[in-house]
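**Q** Just the structure for this:
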Amino acid sequence: MAYITRALSDVMGPRRHRRGRRRCQRRVTGSPSALLFVPRGAPGREPVRLFIEEFEALRLVDLEGMTQTDAAVEMGISQKTLWNDLRQARSKVAEAIVNGRPIEIEEGYEDSDSG
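**A** Okay, the predicted model is just below:
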């Protein structure tokens, strides 16, 4: 068994620390007019971080009224990927509203392999 493990590591190269597939690039056409929203009475709380891709999914579907299929085509991603971004965005916004936390919009998903 050790021989098979060694042979596979020789063929596949060193292990990477990132799990799963690399995130696909998304097309973002709208930009937020503000990058930080702070509720009254809670300025020192830890912000909820909303990625720009999640913001764009939320904007296209909930504000512009696009279907998820049309929004996915607009962003250049699959409908499943858009659904995941939209679900994450809605969850983060709900967390911020319910618990009185600020919302900070960040540039994009962190890529642990960059460098």
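**Q** Could you use CA atoms for every contact and neighbour count after this?
**A** Fine.
**Q** Quick one: the strands in this protein, in order.
**A** 36-37, 48-51, 103-106 (DSSP state E).
**Q** Dump those strands into JSON lines; add mean neighbour count and mean pLDDT as well.
**A** JSON lines is the format used below for the strands of the chain (neighbours: other Cα atoms under 10 Å; pLDDT from 0 to 100):
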{"stretch": "strand 36-37", "mean neighbour count": "15", "mean pLDDT": "90"}
{"stretch": "strand 48-51", "mean neighbour count": "19", "mean pLDDT": "93"}
{"stretch": "strand 103-106", "mean neighbour count": "19", "mean pLDDT": "92"}
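**Q** Gln88: which of those is closest?
**A** Nearest to Gln88 among the strands of the chain is strand 48-51 (8.5 Å), distances taken as Cα to Cα.
**Q** Packing partners of the closest one?
**A** When contacts are defined as 3 or more Cα pairs under 8 Å, 6 or more residues apart in numbering; DSSP states H and E, strand 48-51 sits against helix 79-99, strand 103-106.
**Q** Which positions within the first one qualify as buried?
**A** To tie it back to what came earlier, the one meant is helix 79-99. Gln79, Thr81, Leu82, Trp83, Asp85, Leu86, Gln88, Ala89, Arg90, Lys92, Val93, Ala96 (16 or more other Cα atoms under 10 Å).
**Q** Can you lay out these as JSON lines showing pLDDT and distance to Gly30?
**A** Putting the buried residues of helix 79-99 into JSON lines (pLDDT from 0 to 100; distance: Cα to Cα, whole Å) gives the following:
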{"residue": "Gln79", "pLDDT": "95", "distance to Gly30": "19"}
{"residue": "Thr81", "pLDDT": "92", "distance to Gly30": "18"}
{"residue": "Leu82", "pLDDT": "94", "distance to Gly30": "15"}
{"residue": "Trp83", "pLDDT": "95", "distance to Gly30": "18"}
{"residue": "Asp85", "pLDDT": "93", "distance to Gly30": "15"}
{"residue": "Leu86", "pLDDT": "96", "distance to Gly30": "15"}
{"residue": "Gln88", "pLDDT": "96", "distance to Gly30": "18"}
{"residue": "Ala89", "pLDDT": "96", "distance to Gly30": "15"}
{"residue": "Arg90", "pLDDT": "97", "distance to Gly30": "18"}
{"residue": "Lys92", "pLDDT": "96", "distance to Gly30": "19"}
{"residue": "Val93", "pLDDT": "95", "distance to Gly30": "18"}
{"residue": "Ala96", "pLDDT": "94", "distance to Gly30": "22"}
